[in-house]
Each structure stands twice: as structure tokens, then as C-alpha cells.
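1. Next come a sequence and a model predicted from it.
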Amino acid sequence: MSAEPYRVFGGNASPYSRKLRAILRYRRLPHVWVLGTADSVPEIAQVKPRLIPVLRLPDTGEYRVDSTPLAYLLEQRHPDARSIIPPDPADAFICHLIEDFADEWLTKLMFHFRWIEDETAAWASHWIIWDAMPALTGAQHDQAAKYFHDRQRSRMGMVGCTPDNAPVIESGYAMLLDALAGRIGGTRFLFGSRPSLADFALYGQLAQLTIDPLPLRICRERAPSVEAWVIGLDDGGGIEGQWNADDAAPLREAVLSMIGSDYLPFLHANAAAVRDGRDQVQLEIRGLRYTQPPFAYQTECYAEILRRWTALPQTAQDKLSEVLMRSGCLEYLQGMA
């Protein structure tokens with residue numbers, strides 16, 4: 001492997017950029033953090049799709065995107081460097097399920113709270129432009145911030161962040177904070193005293209929810225320990241821990257209960273809407289109505305979860321069946337698949 005460091009192009013306001021950077025820090029993989037996007041950094045202007053983070057591989061010079069495949073790529077490239085995938089197959093499946101939930105569902109919470117309130121939306125739009133395009137000043141900065149603000153708010157309905165869905169999203173944030181509060185001491189992480197890929201995915205979204213003014217106020221009032229956990233995982237290079245899934249079982253089950261009540265029902269309804277050619281996903285989540293346009297990409301997420309479940313040895317499925325049934329997840333992996 002080349003002695004040259006990885007180059008990570010991303011932004012502090014990007015949950016997936018923060019997730020990847022935290023993984024590199026924890027795994028002690030040499031890297032250079034470069035602030036910016038394809039619009040502001042010529043080096044990545046031609047990288048497709050135009051997403052951040054972008055990771056430049058030091059030995060081949062290739063540029064890769066998408067934090068989840070990048071995390072698994074780093075596992076392949078550095079098998080001895082503090083893996084973030086639990087070694088037990090059943091635990092590895094739950095790790096993937098929670099990671100997908102964080103990346104694809106909790107991002108709705110992040111997006112909602114960042115853009116729903118005028119004060120927080122104004123703050124965020126200026127911060128993001130300062131972060132991504134620091135060369136802009138004065139009127140140019142203000143114009144870029146307004147453009148970004150207006151664009152993001154115009155996208156809220158597309159991702160389900162509507163006033164009608166606010167009760168689901170806002171109660172979901174409270175549910176998440178309650179699930180984590182009081183359980184992230186002791187073992188600290190989802191599979192023991194060392195962080196997994198699922199922990200880093202939770203961290204990525206919570207790193208935004210605990211910096212934007214509105215959700216930060218809520219977190220400090222309801223679950224201040226969660227903010228402390230996020231701060232600690234930002235740079236986990238000094239964390240020394242062990243896999244101990246049994247000790248962390250209550251924490252995982254609390255998160256799985258939210259996956260069973262919110263995320264898997266949505267994935268199932270979304271897949272049905274895409275299959276039937278409908279223009280709306282409609283379902284009840286915890287007795288509350290939720291509606292949004294269907295996302296074809298999230299049918300792929302569901303298919304990958306089902307593929308991983310089917311590929312598990314029967315012994316691993318048997319090990320998980322009780323907790324998945326209690327949490328409401330099992331029916332979406334078996335009978336409703």
C-alpha cells in the first residue's frame with residue numbers, strides 16, 4: 001500500500017463527509033482533509049456523480065464516492081487496521097441494517113430540522129457557503145447563501161420533509177434521543193466498547209443535528225449525553241475497545257425498535273409504490289400519516305438488506321429472530337419481503 005495519504009474531499013456540513021473522516025481517524029489511516037465540492041475544488045470537478053465525500057486512493061489515483069461503499073473498500077484495503085465491521089455474521093447484518101437506517105432515514109431528520117425554521121435555515125445556509133466556498137465574501141457570499149437556502153428549502157417535499165410529515169419526523173428525533181440517552185455510557189457503542197460502521201453512520205447525522213441551532217437545543221434539553229458522544233466520536237483515534245455485543249444489546253434493540261416502526265415500513269411501502277408506478281408513498285408510522293414521492297434508489301437499499309438477510313447462515317438468522325420480532329423488523333425481512 002502506498003505511503004501517500006488518502007485525500008478526502010468533503011464538507012463539515014455533510015453528514016457523509018463527517019462519517020468518512022471519523023472512520024479514517026478511528027482506523028488511523030493517514031489522510032488529508034480537503035474542504036470543498038466539485039464546484040469549488042478543480043481536482044474533483046470531473047468526478048461523477050457529483051457527490052461528497054470524494055476519496056482519492058493514493059496508490060491508483062482513482063477517485064471514489066459514496067460513504068458506504070468507501071467504508072467497505074477501506075475494510076478490504078486495510079484488513080488489519082481496527083476494523084469497524086463486527087466479526088460475528090449476525091452482528092455484521094445488524095450493523096449494516098442500522099447503518100442503512102442512519103444514512104437513508106435519519107438524514108430526513110437532519111434535513112427537516114436544518115431547513116424548517118427560518119433562523120436555523122439562515123444560519124445553516126451561510127455556514128455551508130463559508131465552509132464550501134471560503135473565497136466568496138460580501139455580496140457574492142450572500143448571493144450564494146441565498147441561492148443555496150432557496151434550493152434546499154425547495155427540495156424539502158421531495159425528501160418527505162413537509163409540514164404534514166413533521167409529526168413523524170419530530171417525534172422520531174425524540175424517539176432517537178431517548179433510545180440513545182442513558183445507553184451510550186458504559187459499553188458506549190452498538191457492539192461493545194469500540195465503534196462500528198453503524199456507530200459512524202449515526203454519528204454522521206447526529207454531528208449535524210448537534211450543531212444546527214434548533215435540533216441542538218432539543219438535544220441539550222432532552223439528551224445532553226448524546227452531544228457528548230458525538231463530540232467524542234469525531235476523532236476516535238485514541239479509542240481502545242473490544243467487540244462485546246452482549247453488553248450493548250439494550251442499545252441495539254432500542255435502535256432496532258425505531259427501524260421496525262419507522263424505516264422498514266417505509267422501505268416496504270416505497271418498494272411497492274415504485275413497483276406499481278404510483279407517484280406517492282403513503283403509510284402510517286406509529287399511527288401517524290406519512291407521505292412522500294417514491295425513491296427508486298431506496299428500493300435498492302431494501303433489496304440489499306433482504307439480500308444480506310437471505311445470505312445469513314440459518315444459525316445467524318435464528319440468533320437474531322427473537323430481537324427482530326420484538327422490534328417489529330422480522331416481518332419486513334421474511335413474510336413481507
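-> Noted; the coordinates are in hand.
2. Strands of the stretch 151-300 of the chain, start to end?
-> Along the stretch 151-300 of the chain, counting by DSSP state E, counting those that start in this stretch, strands occupy 281-285, 288-292.
3. Dump these into a markdown table; add mean neighbour count and mean pLDDT as well.
-> The C-beta positions use only the backbone N, C-alpha and C, and glycine is treated the same way. What follows is the strands of the stretch 151-300 of the chain, written out as a markdown table (neighbours: other Cβ atoms under 10 Å; pLDDT from 0 to 100):
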| stretch | mean neighbour count | mean pLDDT |
| --- | --- | --- |
| strand 281-285 | 16 | 98 |
| strand 288-292 | 18 | 98 |
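4. ok, R27 touching I85?
-> No - because the distance of 11.3 Å does not satisfy Cβ atoms under 8 Å, R27 is recorded as not touching I85.
5. what about R18, how many neighbours?
-> 26 (other Cβ atoms under 10 Å).
6. for it, what are its contacts?
-> 10, 12, 203-204, 207-208, 234 (Cβ atoms under 8 Å, 6 or more residues apart in numbering).
7. you'd agree it is in a helix?
-> Yes - assessed by DSSP: H, G, I helix; E, B strand; the rest coil, R18 belongs to a helix.
8. and the strands of the stretch 151-300 of the chain as TSV, adding distance to S321?
-> Compiled in TSV, these are given as follows (distance: least, Cβ to Cβ, whole Å):
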stretch	distance to S321
strand 281-285	24
strand 288-292	27
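9. List the backbone torsions phi and psi for V34.
-> The phi/psi pair for V34 (degrees, to the nearest 10) reads phi -120, psi 120.
10. any idea which element the closest residue to it other than its chain neighbours lies in?
-> Among residues not flanking V34 along the chain, F9 sits closest, at 4.8 Å (Cβ to Cβ, 6 or more residues apart in numbering). F9 belongs to strand 6-10 when assigned by DSSP states H and E.
11. for that strand, packing partners?
-> Counting contacts by 3 or more Cβ pairs under 8 Å, 6 or more residues apart in numbering; DSSP states H and E, strand 6-10 packs against helix 15-26, strand 31-35, strand 54-56.
12. switch the cut-off to 10 Å
-> Counting contacts by 3 or more Cβ pairs under 10 Å, 6 or more residues apart in numbering; DSSP states H and E, strand 6-10 is packed against helix 15-26, strand 31-35, strand 54-56, strand 63-65, helix 67-77.
13. Sheet partners, orientation included, of the fourth one?
-> Looking at strand 63-65 with DSSP bridges, its paired strands and their directions are strand 54-56 (antiparallel).
14. Please list all residues in contact with the most centrally placed residue in the chain.
-> The centroid of the chain falls nearest to D103 when counting by Cα atoms, centre = their mean (2.9 Å). Contacts for D103 (Cβ atoms under 10 Å, 6 or more residues apart in numbering) come out as 15-16, 19, 66-68, 198, 201-202, 204-205, 301.
15. Please apply the same query to L136.
-> 40, 129-130, 142-145.
16. Then P195?
-> 22-23, 26, 82, 84, 188-189, 202-203, 232-233, 236, 239, 241.
17. Roughly how far does it sit from E99?
-> Distance of P195 to E99, given as Cβ to Cβ, to the nearest Å: 12 Å.
18. Spell out which residues are contacts of both of these two.
-> With Cβ under 10 Å, 6+ apart as the test, P195 and E99 both reach 84, 202.
19. Quick check: neighbours shared by R27 and I85?
-> 71, 75.
20. thinking again about what came up before, of the strands of the stretch 151-300 of the chain, which is nearest T60?
-> strand 288-292 (38.9 Å; Cβ to Cβ).
21. Point out the other helices and strands that that closest one packs with.
-> By 3+ Cβ pairs under 10 Å, 6+ apart, strand 288-292 packs against helix 166-180, helix 264-276, strand 281-285.
22. Which one of the helices and strands packed on strand 6-10 lies nearest to R326?
-> Checked against Cβ to Cβ, the stretch from these lying closest is helix 67-77, at 26.8 Å.
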